[in-house]
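Visitor: Below are the sequence and a predicted model for it; my questions follow.
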Amino acid sequence: MSVGGIDTSRIEAMVAQLRATAARATPDAGPLGEAAGKSRAVASPGEFTAILKNSLDSVNRAQLDATALAQRFEMGDSSVSLADAMIALQKSSISMQATIQVRNRVVAAYQEIMGMAV
């Protein structure tokens, strides 16, 4: 599903990967990260990288499109309304905030993993 230029399925896949990593790190997980006999599908690092890159590209596209729309409005283009420009700018702002939140969670997970005793 796409919300305002953000493909939420990719974000959900990223969150699922983070949860799978956290589940493997829990004490009740088995030697292969299987908690309570449930096996979890984990994407390969290449898939994670591709999902992350596609998400960042879509955020970048949303910001570029919003900026272009705002510039067209500022230049007096009659086909662009103030409401369209403001909505596009707000959508790009929200997508950037969501990306920053995902980044913060990824960094926190990385720091937690790096702090674990081996």
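Guide: It's in. Residues are numbered from 1 along each chain as shown.
Visitor: Show me the shaky parts of the protein.
Guide: The model of the chain has pLDDT under 70 over residues 1-7, 22, 25-43.
Visitor: Helices along that one, start to end?
Guide: For the chain, the helices defined by DSSP state H occupy 8-25, 45-74, 82-114.
Visitor: The longest one packs against which elements?
Guide: This points to helix 82-114. Judged by 3 or more C-beta pairs under 8 Å, 6 or more residues apart in numbering; DSSP states H and E, the packing partners of helix 82-114 are helix 8-25, helix 45-74. Heads up, the C-betas are built off the backbone N, CA and C, glycines and all.
Visitor: okay if I get these as JSON lines plus mean neighbour count and distance to K91?
Guide: As requested, the helices and strands packed on helix 82-114 are exported to JSON lines (neighbours: other C-beta atoms under 10 Å; distance: least, C-beta to C-beta, whole Å):
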{"stretch": "helix 8-25", "mean neighbour count": "15", "distance to K91": "13"}
{"stretch": "helix 45-74", "mean neighbour count": "15", "distance to K91": "6"}
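Visitor: Pipe those helices into JSON lines and attach distance to A108 per row.
Guide: JSON lines is the format used below for these (distance: least, C-beta to C-beta, whole Å):
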{"stretch": "helix 8-25", "distance to A108": "10"}
{"stretch": "helix 45-74", "distance to A108": "16"}
